[in-house]
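**Student:** A structural model of the following input is requested.
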Amino acid sequence: MLTAKIIRRQFTPQCTLGEFELRNGLFLLYDCFVCEDAVRGDGDPATVAQWKVKGESAIPYGTYPLRLTPSSKFPPRKWEICDVPGFTGIRIHAGNRPKDTEGCPLLGEKLIDLRGVANSTVAVAKFEGIMAKHGNADAMIEIVKGEDV
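**Tutor:** This next block holds a predicted model:
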């Protein structure tokens with residue numbers, strides 16, 4: 001089974017930056033950088049209602065199903081992080097800065113200081129290509145804090 005992981009490493013009031021990994025068992029298939037909205041509160045899924053700011057909060061820490069689903073905003077389909085407490089429609093897509101997301105992870109090949117990521121379209125295409133090579137099967141994604149790895 002394919003598994004993805006977001007390792008959150010740098011936290012600012014505007015965004016969260018980290019690393020994205022895609023694995024098949026122990027084998028690393030792809031890695032890049034990730035930009036998300038700011039982690040608010042403690043990022044605990046049990047307390048989302050207390051800390052979430054609509055369209056400006058990173059999703060809670062945890063492990064979630066990753067499924068290729070229809071998307072009206074990013075047609076025809078995008079990889080969606082499903083069953084996230086307090087969030088819906090969280091998709092992995094291209095973008096460079098927190099203004100380009102509403103809770104969704106943005107993949108990029110480079111970091112832009114502490115402001116976001118670059119070469120996002122290329123990074124997303126590589127991720128989607130690897131997923132397609134593996135039959136676009138459902139996967140799991142884990143969101144962790146860097147020091148917890």
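
**Student:** mind listing the strands for this protein?
**Tutor:** Counting by DSSP state E, the chain has these strands, from start to end: 2-11, 15-24, 27-37, 62-70, 77-81, 90-91, 106-108, 110-112, 116-118, 139-145.

**Student:** What angle do strand 77-81 and the longest helix out of those in the chain make with each other?
**Tutor:** Taking DSSP state H as the assignment, the helix of the chain that covers the most residues is helix 120-133. In this structure, helix 120-133 runs at an angle of 90 degrees to strand 77-81, with axes from the mean of the first three to the mean of the last three C-alpha atoms, to 10 degrees as the basis.

**Student:** so how far is helix 120-133 off the chain centroid?
**Tutor:** Once both centres are worked out by C-alpha atoms, centre = their mean, to the nearest Å, helix 120-133 turns out to sit 13 Å from its chain's centre.

**Student:** So for that helix, what gets flagged as buried?
**Tutor:** Within helix 120-133, the residues scored as buried using 16 or more other C-beta atoms under 10 Å are 120, 123-124, 126-128, 131. Where you see a C-beta, it was placed from the backbone N, CA and C, and this is true even at glycine.

**Student:** Pick out the residue nearest the middle of the protein.
**Tutor:** Among the residues of the chain, residue 105 comes closest to the average C-alpha position under C-alpha atoms, centre = their mean, at 3.1 Å.

**Student:** which ones are touching that residue?
**Tutor:** The contact partners of residue 105, by C-beta atoms under 8 Å, 6 or more residues apart in numbering, come to 6, 20, 34-36, 81, 90, 92.

**Student:** For the residues you listed, could you give me JSON lines that also reports neighbour count and distance to residue 113?
**Tutor:** Rendered in JSON lines, the data for the contacts of residue 105 read as follows (neighbours: other C-beta atoms under 10 Å; distance: C-beta to C-beta, whole Å):
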{"residue": "6", "neighbour count": "23", "distance to residue 113": "19"}
{"residue": "20", "neighbour count": "23", "distance to residue 113": "18"}
{"residue": "34", "neighbour count": "27", "distance to residue 113": "15"}
{"residue": "35", "neighbour count": "31", "distance to residue 113": "11"}
{"residue": "36", "neighbour count": "23", "distance to residue 113": "16"}
{"residue": "81", "neighbour count": "24", "distance to residue 113": "26"}
{"residue": "90", "neighbour count": "24", "distance to residue 113": "25"}
{"residue": "92", "neighbour count": "24", "distance to residue 113": "22"}
